[in-house]
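>>> Using only what follows, build the 3D model:
(2 chains)
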There are 2 protein chains.
Amino acid sequence: MNKTNQFSKNPNFTKRDVDGDSLKRSQCGHCGFIDYQNPKVVIGSAVRHGEKILMCKRAIEPRAGFWTLPAGYMELGETLEDGAKREAWEEACIEIEHDGVLGVFSLPHISQVQVMFRSKLKTERFAAGPESLEVALFSWQNIPWKELAFPSVVWTLAALRQTWNAENFAPMGNPPEGRFGFPLTKPPID
Amino acid sequence: MNKTNQFSKNPNFTKRDVDGDSLKRSQCGHCGFIDYQNPKVVIGSAVRHGEKILMCKRAIEPRAGFWTLPAGYMELGETLEDGAKREAWEEACIEIEHDGVLGVFSLPHISQVQVMFRSKLKTERFAAGPESLEVALFSWQNIPWKELAFPSVVWTLAALRQTWNAENFAPMGNPPEGRFGFPLTKPPID
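Residues are numbered from 1 along each chain as shown, chains lettered A, B, ... in the order given. Prediction:
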């Protein structure tokens, strides 16, 4: 059976004024269901092991085949910290501990917030989870700078480098446009 | 016309397995619409003016009549920083500048994330917006400690006090259970 035919109707959303709200909201013309949409939260970690940094080669779109940090959408009922640990487990089969907040980023064009932790491996065991082709530890110089998946990976790695020896540090916000560039041809900072 | 009768059906959501997802998602039995639900982001500010802190008495539920910091749900297409400025304008008719991130909190029981900035008034003008009964500046000792709206207001004010003279500081995460208590009978820290 075609999946679209198991329902008597298709959703029919239009933007409408709804009670007690200053913005128009998306409401289904059949059901009256109001689909409140708000930015989604991505949580992730720059995970250190000694002098090295753990990265994952993406098995899924977008940006399959490019390198990223373990991260993904926060789910209902979890904390930021636990969500980042869950993603690290799902994507790299690792157990981690957090020791700081590296970045609090906004991607308004896709209505996304990213909270990125500085973390460390609890043991040296890691492996590719279902959404990764490969997981590896890199020294700063050997990170595949030309093959990074997203600008926010660059921002997080730059924040990690800048706070490498710091114990109490402010998180990075969005860098000024063009501060690091993307894609890169070399490390964003030395 | 009764509002519930303008639609041919009511929404009929049940939790189902959907393609390519490890969690069950909420899907309407009429339309097939999948209602992906993720935590929502609240952005807000502890706003300073000299030695004083701006607070708003809530005009709306929950916790109408109790004191809070200007904050609210982040909307699509905005940054964390701009969302906090928008909320400050809507609730207290103020223009503000941010100078740090005080708190990055998780409220998993209501699937909410809160990002709270340290900010300052650009001018001394303020007034109650439609969601506030009253807006006022308080010295630390005069904050209405027994009439605060939410535990995260306590956490943010404690972080503000602890970082009052700091320029580069880590945001507070959720404090250990019982660290400050709620409701309060006195300031959470001196």
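>>> Report the strands that pair with the least confident helix or strand in chain A by mean pLDDT, each with its relative direction.
Using mean pLDDT, DSSP states H and E, strand A:34-35 stands out as the lowest-scoring helix or strand of chain A, at a mean of 85. Using DSSP bridges, the strands paired with strand A:34-35 in its sheet are strand A:25-28 (antiparallel).
>>> List the buried residues in the partner strand.
Buried residues in strand A:25-28, defined by neighbour count with 16 or more other Cβ atoms under 10 Å in any protein chain shown: A:Arg25, A:Gln27, A:Cys28. Any C-beta I mention is one placed from the backbone N, CA and C, and that applies to glycine too.
>>> Let's have these in CSV, adding pLDDT.
Converted to CSV, these look like this (pLDDT from 0 to 100):
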residue, pLDDT
A:Arg25, 86
A:Gln27, 89
A:Cys28, 89
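>>> Pairing partners for the helix or strand just after the least confident helix or strand of chain A, with directions?
Using DSSP states H and E, the helix or strand that follows strand A:34-35 towards the C-terminus is strand A:40-49. Using DSSP bridges, the strands paired with strand A:40-49 are strand A:52-58 (antiparallel), strand A:71-73 (antiparallel), strand A:112-121 (parallel).
>>> In chain A, which strand is the longest?
Longest strand in chain A by number of residues, with DSSP state E as the criterion: strand A:96-107.
>>> So is that one next to chain B?
Yes - using Cβ under 8 Å from any Cβ of the partner chain, we find that strand A:96-107 touches chain B at A:Gly100, A:Val101, A:Val104, A:Ser106.
>>> quick one: which of those residues is nearest chain B?
Within the residues of strand A:96-107 next to chain B, proximity to chain B (Cβ to the nearest Cβ) peaks at A:Ser106, which comes in at 3.7 Å.
>>> That closest one contacts B:Thr79, doesn't it?
Yes - between A:Ser106 and B:Thr79 there is a contact under Cβ atoms under 8 Å: 3.7 Å.
>>> and the gap between A:Leu148 and A:Phe182?
8 Å (Cβ to Cβ, to the nearest Å).
>>> got it, and A:Phe138?
Distance from A:Phe138 to A:Phe182, by Cβ to Cβ: 18 Å.
>>> now swap in A:Pro144 and tell me
A:Pro144 is 14 Å from A:Phe182, by Cβ to Cβ.
>>> Next: A:Gly20.
On the measure of Cβ to Cβ, A:Gly20 and A:Phe182 end up 41 Å apart.
>>> So between those two, which is more surrounded?
The neighbour count for A:Gly20 versus A:Phe182, taken as other Cβ atoms under 10 Å in any protein chain shown, is higher for A:Phe182 (13 against 5).
>>> tell me the secondary structure for the more buried one?
The three-state label for A:Phe182, taken from DSSP: H, G, I helix; E, B strand; the rest coil, comes out as coil.
>>> if I look at it, how far off is A:Asn12?
For A:Phe182, the distance to A:Asn12 - Cβ to Cβ - is 39 Å.
>>> For the closest residue in space to A:Val47 that isn't next to it in sequence, give me its contacts.
Sequence neighbours aside, A:Leu54 is the residue nearest to A:Val47 in space, at 4.2 Å (criterion: Cβ to Cβ, 6 or more residues apart in numbering or on different chains). By Cβ atoms under 8 Å, 6 or more residues apart in numbering or on different chains, A:Leu54 lies in contact with A:Val47, A:Arg48, A:Leu69, A:Pro70, A:Ala92, A:Ile94, A:Leu121, A:Phe126, A:Val135, A:Ala136, A:Leu137, A:Phe138.
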